[in-house]
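Asks: For reference, the sequence and a predicted model appear below.
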Amino acid sequence: MANEAAVATKWAIDPAHSEVQFKVKHLVITTVTGSFESFSGSVSTESENFDNAKIDFAVDVSSINTRSTDRDNHLRSNDFFAVEEYPEMTFSGVLQNKGGDYKLVGDLTIRGTTNKVTLEVDYNGTVKDPWGNTKAGFEVTGKLNRKDFGLTWNTITEAGSMLVGEEVKLEISIQLTPA
């Protein structure tokens with residue numbers, strides 16, 4: 001019996017059922033949560049379990065939302081994301097599956113600086129919605145140091161602590177639909 005070639009399936013992100021959030025310490029004592037409201041991406045896979053799926057993802061950095069206009073404008077400035085020069089954050093990588101233990105490994109580019117990152121992934125399964133549409137769901141988490149991407153602005157408080165933490169926690173929920 002001849003081996004049949006695997007058929008590639010292309011998927012797109014459903015933005016109405018997806019979110020990109022981050023958390024950063026402020027004054028060492030609290031955590032500020034923010035999100036990016038505008039993003040897009042594609043996934044290409046040849047397996048039903050998304051093994052070795054190729055991922056391309058882009059975030060419109062100007063869509064940052066921390067529920068504070070002043071803070072959002074500061075984050076868009078040259079002190080942080082420099083959105084005029086670097087309007088997008090991008091990721092390109094592969095979803096690795098080792099016995100159901102998923103990792104997203106690839107290149108993340110922020111503010112013109114690219115670094116390899118590894119993120120934890122929970123593949124929540126693939127289902128049909130009540131209208132017969134196929135959907136796949138993932139929860140992606142990880143940590144990165146913002147300074148590794150040129151986001152180095154900070155100031156020291158009167159007590160000697162840093163205003164903004166260096167570690168950024170990522171919490172991304174993605175729902176895919178066939179493209």
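Replies: Right, received. Where do you want to start? Residues are numbered from 1 along each chain as shown.
Asks: the helices in the protein, which residues?
Replies: If DSSP state H is used as the criterion, the helices of the chain fall at 69-76.
Asks: Tell me which stretches of it form strands.
Replies: Read by DSSP state E, the chain holds these strands, from start to end of the chain: 9-13, 19-26, 30-36, 39-45, 53-60, 64-65, 88-98, 101-110, 113-128, 134-145, 164-178.
Asks: Can you tell me which of the ones you listed is nearest to residue 154?
Replies: Closest approach to residue 154 among the strands of the chain is made by strand 164-178 (5.3 Å; C-beta to C-beta). All C-beta atoms are positioned from the backbone trio N, CA, C, and that covers glycine.
Asks: Note down every partner strand of the closest one and its orientation.
Replies: Within its sheet, and counting by DSSP bridges, strand 164-178 is paired with strand 9-13 (antiparallel), strand 19-26 (antiparallel), strand 134-145 (antiparallel).
Asks: where does the closest residue to residue 124 other than its chain neighbours land on pLDDT?
Replies: Counting by C-beta to C-beta, 6 or more residues apart in numbering, the nearest residue to residue 124 once its immediate chain neighbours are dropped is residue 137, at 4.0 Å. Residue 137 carries a pLDDT value of 96.
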